[in-house]
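>>> quick one: sequence and predicted model below, then my questions.
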Amino acid sequence: MALALVVGLALSANAGWRWWHNRPPFGPEALSLQSSLELVGYTQSQEALGRPVDYPPSMEPKVRMVVGRVSWRPTPEPLDGFLMVVLIDKRSNRLPVIDLRRNWARDAYPAGVGGGGPQNKIAQRYPWLRGMGYKKIGENEWLSEGNVIWAHDQEASPLTFVARFPPTRNPQLPETALTTEPIAVSDLLLAVVCVGSDNQIYWAHRLQG
């Protein structure tokens, strides 16, 4: 009987810890999230980023770009984890390549672009975000085509980024081909996901699309 009591207490304690560990420190409404998406050309994308983009102006007629902006007010509690800003092309359900505006006066940046982490876990939990999951291209091969933004502290707000939508496809990888133009703002889904320091997913909030 004593053993059963100990086991019961241990299970209760474990369940309580899991509840506390996965409990969101705040909800999306606490951040007063604001966003915008705008189709632009090469020159406007340079102005938005404050630096050259990664291709020559001669490609301007062939590449469509979208300038995105996301902002939020200071978090009510310290952000023990990060916010993930996600842009998905709903036509192909894929991520574009993103360039992020940086404050070059800072030694450390509060946000960056990349992939990995809990992307697949988020895509599995929220079907409307399944486009951020890795694409399987072989028996043991997975591909992350684009990237997402990782904001590690509240100083990352406001964020400005440029997403690229080239018109070409890779004939060798038909299932993972790049998104083609023309692109419209209505084709895009913009969201913010709040993730804890142990990659626990607190919530996902749709901003546009």
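Great, that's in hand.
>>> where do the helices of the chain begin and end?
With helices called from DSSP state H, the chain shows them at 2-22, 42-49, 119-125.
>>> residue ranges with poor pLDDT in this protein?
1-21, 52-62, 103-109, 136-144, 166-181 (pLDDT under 70).
>>> again, only this time at 50
Counting by pLDDT under 50, the chain contains low-confidence ranges at 9-10, 12-13, 15, 17, 19-20, 105, 107, 171-179.
>>> please enumerate the strands of this structure.
Under the criterion DSSP state E, the chain contains strands at 34-40, 64-71, 81-89, 97-100, 111-114, 135-138, 141-143, 148-151, 159-165, 188-196, 201-208.
>>> spatially nearest residue to residue 199 (excluding sequence neighbours)?
Leaving aside its chain neighbours, residue 199 sits nearest to residue 118 (4.4 Å; criterion: C-beta to C-beta, 6 or more residues apart in numbering). Every C-beta, even on glycine, is put in place using the N, C-alpha and C of the backbone.
>>> tell me how many other residues crowd that neighbour.
Taking other C-beta atoms under 10 Å as the criterion, the count of residues near residue 118 is 19.
>>> repeat that for residue 151.
Applying other C-beta under 10 Å, we find 22 residues neighbouring residue 151.
>>> bridging residues for it?
Bridge pairing for residue 151 (DSSP bridges) gives the partners residue 83, residue 111.
>>> let's number from 214 now, not from 1
Sure thing, new numbering starts at 214, so read that last one as residue 364.
>>> for residue 398, see how far away it is.
Distance of residue 364 to residue 398, computed by C-beta to C-beta, to the nearest Å: 22 Å.
>>> now swap in residue 285 and tell me
Going from residue 285 to residue 398 by C-beta to C-beta gives 21 Å.
>>> which of these two has more neighbours?
Set residue 285 next to residue 398 and count neighbours by other C-beta under 10 Å: residue 285 wins out with 20 against 14.
>>> wait, what's in contact with the nearest residue to the more buried one once chain neighbours are set aside?
Computed as C-beta to C-beta, 6+ apart, the closest residue to residue 285 that is not its neighbour in sequence is residue 244, at 3.9 Å. Contact partners of residue 244, counting by C-beta atoms under 8 Å, 6 or more residues apart in numbering, are 285-286, 288, 405.
>>> just the closest of these to residue 360, please.
Relative to residue 360, the closest of these is residue 405; by C-beta to C-beta it sits at 15.4 Å.
>>> tally of neighbours for the closest one?
When neighbours are defined as other C-beta under 10 Å, residue 405 has 22 of them.
>>> apart from its neighbours in sequence, what residue is nearest it?
The shortest distance from residue 405 to any non-neighbouring residue, by C-beta to C-beta, 6+ apart, is to residue 418 (5.1 Å).
>>> noted, bye for now.
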